[in-house]
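Trainee: Just a sequence and a predicted model for now, questions to come.
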Amino acid sequence: MKNKSMEFIKEGIKKRRQRWILVTGILTVLACIFSCMMLLLGNTIYPLQDVIRALYGEKIPGVSFAVTTLRLPRMLAGLFAGFAFGVAGHTFQTMLRNPLANPNVIGITAGSSAAAVFCIVILHTSNAVVSIASVIAGLLTVLIIYILSRGSSFSIGRLILVGIGIQAMLNAAISYILLVGAEQDIPAALRWLSGSLNGSQMEELPSLIISVIIFSPVIILLGKRLSMLELGEQAATSLGVHTDKTRIALIVSSVIIIAVATATTGPIAFVAFLAGPIAKRLVGVGLSNIIPAGLVGVNLVLASDLIGQFAFDVRYPVGIITGLLGAPYLIYLLIRMNRKGDL
């Protein structure tokens with residue numbers, strides 16, 4: 001009987017692992033397809049061989065400029081920002097055991113956005129300063145939300161409500177900055193706030209790429225501990241997890257990558273909110289969904305940008321399309337949680 005039980009458990013683990021590999025492989029292939037489409041499609045559709053030659057540095061009239069100067073930075077920005085939003089959103093949702101507890105809803109993205117808009121509209125600083133200010137503001141926002149939500153004891157529900165209040169306050173601050181800013185700076189700030197890959201440049205991407213390369217592996221390596229945190233404070237502690245240290249490492253890593261991504265592309269709406277639940281539905285439970293969530297984020301951003309650019313008569317920023325996808329799900333989730341008494 002014991003042997004049969006062990007075989008059943010091993011078979012279940014094997015099936016879950018195979019499903020994880022299959023889903024991750026499909027998501028990777030889709031990301032590659034969307035990336036290729038972003039390099040091929042535009043006002044002019046270039047042959048694949050010409051695009052490859054341009055990427056290798058060969059000078060082809062028209063093709064080289066369009067591919068290396070316009071399309072490649074746009075694709076890379078969507079790729080790394082999408083992965084950052086997906087990973088960070090899933091990390092917060094899992095760590096706090098609530099699908100509403102993602103950087104968009106609890107105000108972290110708003111904190112980074114407020115700092116970035118202030119730097120763009122008021123201070124007219126460089127992109128490097130915008131990125132640094134976004135990271136610092138994101139970390140300060142997390143600290144303020146955590147302090148205000150503690151009370152006599154820590155409460156996830158209180159943290160979410162405080163985060164929503166902080167987000168409203170920061171959005172009001174952003175609106176005020178736009179009102180007092182110079183008229184010529186407003187269009188650029190509004191385009192940035194909508195979440196857009198338009199105008200992405202190679203010199204803006206190193207900070208985003210480096211932050212994702214450094215801090216995403218930290219989150220992935222802490223994946224098992226993150227799954228244990230989902231079981232609750234006492235259960236995680238009994239399994240040998242240093243909960244405070246693990247949370248700090250996860251929060252700092254997640255805030256840095258999402259703040260830098262926000263500074264680069266603007267706050268692309270609902271990607272951090274949608275990526276984790278979609279990945280969980282596709283992969284299931286039992287294994288870490290960090291990488292699948294990041295890949296779902298990549299596919300959401302790249303696919304939404306392609307839809308916004310080519311599916312309508314007017315071209316829309318990627319954040320408009322992801323907002324249209326995410327808003328109905330947010331309403332549905334709020335209704336469902338209210339019926340369950342989780343709100």
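Mentor: Cool, the structure landed. Numbering: from 1, shown residues only.

Trainee: And the residue most central in space within the chain, how close does it get to Ser113?
Mentor: Centroid check for the chain by CA atoms, centre = their mean gives Phe85 as the closest residue, at 0.7 Å. Plainly put, Phe85 is 13 Å away from Ser113 if you go by CB to CB, to the nearest Å. C-beta here means a position set from N, CA and C on the backbone, and glycine is covered the same way.

Trainee: Let me know the helix or strand that the residue nearest to the centre of the chain is in.
Mentor: Assigned by DSSP states H and E, Phe85 belongs to helix 72-95.

Trainee: so how far is that helix off the chain centroid?
Mentor: In this view, helix 72-95 has its centroid 4 Å away from the chain centroid, taken as CA atoms, centre = their mean, to the nearest Å.

Trainee: tell me the mean pLDDT for that helix?
Mentor: In this model, helix 72-95 carries a mean pLDDT of 93.

Trainee: One more: stretch 194-213?
Mentor: 88.

Trainee: One more: stretch 328-343?
Mentor: 71.

Trainee: Could you do stretch 26-45 as well?
Mentor: For stretch 26-45, the per-residue pLDDT averages 92.

Trainee: ok, and what's touching that stretch?
Mentor: By CB atoms under 8 Å, 6 or more residues apart in numbering, the residues outside stretch 26-45 that reach it are 46, 48, 51, 55, 62, 66-67, 70-72, 74-75, 78-79, 282, 292, 295-296, 298-299, 302-303, 305-306, 309-310.

Trainee: for stretch 81-90, same thing?
Mentor: Residues contacting stretch 81-90 (CB under 8 Å, 6+ apart): 102-104, 208, 211-212, 216, 219, 254-255, 257-258, 260-261, 264-265, 268, 271-276, 279, 289-290, 293-302.

Trainee: Recalculate using a threshold of 6 Å.
Mentor: 102-103, 212, 216, 219, 254, 257-258, 261, 265, 271-273, 275-276, 290, 293-294, 296-298, 301 (CB atoms under 6 Å, 6 or more residues apart in numbering).

Trainee: Now that stretch - C-alpha only, CSV.
Mentor: C-alpha atoms of stretch 81-90 as CSV (Å, rounded to 0.1, in the frame of the first residue of the first chain):
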residue,chain,number,x,y,z
ALA,A,81,9.7,45.0,-19.2
GLY,A,82,7.1,42.3,-19.7
PHE,A,83,9.3,39.8,-17.9
ALA,A,84,9.9,42.2,-15.1
PHE,A,85,6.2,43.1,-14.6
GLY,A,86,5.2,39.4,-14.8
VAL,A,87,7.8,38.2,-12.3
ALA,A,88,7.3,41.1,-9.8
GLY,A,89,3.5,40.8,-9.9
HIS,A,90,3.5,37.0,-9.3
